[in-house]
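Trainee: sequence and predicted model, in that order:
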Amino acid sequence: MSGPPEDPSTAESETPEPTLLKEPADGVPDVVATPAALKTTIDAFAAGVGPIAADAERASGFRYGQATYLVQFKRAGAGIALIDAAALPDLSGFHAAMGDAEYVFHAASQDLPGMKDLGIFPAAVFDTELAARLLGWPKVGLASVVERELGFTLAKEHSAQDWSVRPLPDSWLAYAALDVEILLELRKGLAAHLEAAGKTEWARQEFEAVRLAPPPGPRIDPWRRTSGTHTIRDPRGLAMVKSLWEDREHEAQRRDVTPGRVLRDAAIVAAARAKPTTLEALLDIPEWRTRGTKKAAPRWWPSIETALKLPDKALPARRAPTGDGPPPPRTWPDKRPEAAARLAEAKVALAELSEIHNVPLENLLQPDAARRACWEYRGGGVDWIASLLRSRSARPWQIELTALPLAEAFARAAAPDADQKPAD
């Protein structure tokens, strides 16, 4: 006979606290930094079995670009390897020895570009972050997913360090090793959840899309992403942002320092807002009075002068070019009201699908593909929508779920107009 119902408050209080992982079970290995040590590592991993847990550390916020400075691997039978990618920038030998082994990442899109730069091109990928998204988990950071699935907590105090420094402190290396310590076990649990939810094939298609994704193309007018540029309304001020941004990029690349450490966005935008006509006037701007910025002001002044002297016809446009995509949706009611109506109905339909299948909207269908379908639709129903989504790299599972509901949404959006047409 069962006992009395359990008091929920008591049950909650008895839930064990997550276990804090401080270092891998087998300790933190020495960093692999010589060709001889790398060969030993390759041999060990080639003799191992099963998937390979993988992670990479960069120096974002410190160095220019996204170079990888440390890579971490773990495989059954081989243990953990921490490889100094600054000392060993060619890991193609590791790649060749692993054959068609699956690599397990958390947020693979962040690490794969750096891996490819090192000569590693996985034949298969499992992404634990993407898996958690497809399962509808509300928190998909590594620490949150590990805690939910395995009952461990991971300290994240070293996630934003300058991984280009040498030697790397022991505490950083322990943090780096932990990022792969639990990935294989995490992969096993998430794969079981995906299978139970009927989402294994969805995940396979998503993982393959990430693995094969080409590098992003160049941004249109990247200087417009300078924080605060939206407050600059006049072309002359925008020209000043552009000139200072481009000069800063060249200097940051030369010094291998992140641009914000060369000249702050706030200083660029403040100058563009004030449009000083002399160096003395520039130094009157509060954002240019800090010690480092004030000292460097003469070095940046020629960029400001260049912007001041540009002829009007050479000034940048007030609005950023939209590329080949549709204009911002806020303009649709005036430019193409029927597209605005389709977008409104599509949002409702996609939100319902997201809830039914417990998948975030952005993973259910790429927002750009959905907007383009709404903007460009001229008829053709499900077949046209499926073709458009396919051309925008939507996966088969996404098309299967969304094409018909979008066609029905577009029909609802057109219904009021259809009712007003005279009968034949």
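Mentor: Thanks, I have the structure now. All of these numbers come straight from a predicted model, not from anything done at the bench.

Trainee: can you give me the strands in this structure?
Mentor: Along the chain, the stretches classed as strands by DSSP state E are 19-21, 31-32, 49-58, 68-76, 79-84, 102-105, 124-127, 152-154.

Trainee: those strands: which one's closest to N363?
Mentor: Checking these against N363 by C-beta to C-beta gives strand 124-127 as the closest, at 11.5 Å. In short, each C-beta sits where N, CA and C put it, glycine included.

Trainee: the closest one packs against which elements?
Mentor: strand 102-105, helix 108-117, helix 200-212 (3 or more C-beta pairs under 8 Å, 6 or more residues apart in numbering; DSSP states H and E).

Trainee: one more time with 6 Å, if that's ok
Mentor: Strand 124-127 sits against strand 102-105, helix 200-212, with contacts defined as 3 or more C-beta pairs under 6 Å, 6 or more residues apart in numbering; DSSP states H and E.

Trainee: R342 contacts F410, correct?
Mentor: Yes: judged on C-beta atoms under 6 Å, R342 makes contact with F410 at a distance of 5.1 Å.

Trainee: tell me which helix or strand of the protein sits lowest on mean pLDDT?
Mentor: When the helices and strands of the chain are scored by mean pLDDT, DSSP states H and E, helix 8-13 comes last with a mean of 42.

Trainee: ok, for I80, nearest residue in space, not its chain neighbours?
Mentor: K74 (4.7 Å; C-beta to C-beta, 6 or more residues apart in numbering).

Trainee: okay, how far is it across stretch 20-27, tip to tip?
Mentor: Using C-alpha to C-alpha, to the nearest Å, the end-to-end distance of stretch 20-27 comes to 15 Å.

Trainee: which residues are contacting that stretch?
Mentor: Stretch 20-27 is contacted from outside by 79-80, 152-154, 174, 177-178, 181, using C-beta atoms under 6 Å, 6 or more residues apart in numbering.

Trainee: domains in this structure, by residue range?
Mentor: 14-212, 225-314, 329-420 (automatic domain parsing).

Trainee: so for the second one, mean pLDDT?
Mentor: Averaging pLDDT along domain 225-314 yields 97.

Trainee: one more: the first one?
Mentor: Averaged across domain 14-212, the pLDDT comes to 95.

Trainee: can you list the buried residues in stretch 97-112?
Mentor: Neighbour-count burial for stretch 97-112 flags 98, 101-108, 111-112 (criterion: 16 or more other C-beta atoms under 10 Å).

Trainee: okay if I get those as a markdown table plus distance to S354?
Mentor: Listed next are the buried residues of stretch 97-112 as a markdown table, based on distance: C-beta to C-beta, whole Å:
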| residue | distance to S354 |
| --- | --- |
| M98 | 37 |
| A101 | 34 |
| E102 | 29 |
| Y103 | 29 |
| V104 | 27 |
| F105 | 25 |
| H106 | 23 |
| A107 | 21 |
| A108 | 23 |
| D111 | 27 |
| L112 | 26 |
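
Trainee: farthest pair in those?
Mentor: Once C-beta to C-beta is applied, those give M98 and A107 as the farthest pair, at 20.5 Å.

Trainee: look up how far V71 lies from K116.
Mentor: Distance of K116 to V71, given as C-beta to C-beta, to the nearest Å: 12 Å.

Trainee: point out the most buried one among the helices and strands packed on strand 124-127.
Mentor: Neighbour counts (mean count of other C-beta atoms under 10 Å) averaged over each of the helices and strands packed on strand 124-127 peak at strand 102-105, with a mean of 25.

Trainee: in its sheet, what does it sit against?
Mentor: strand 49-58 (parallel), strand 124-127 (parallel) (DSSP bridges).

Trainee: what does it rub up against?
Mentor: For strand 102-105, the external contacting residues (C-beta under 6 Å, 6+ apart) are 51-54, 111, 122, 124-127, 183, 187.
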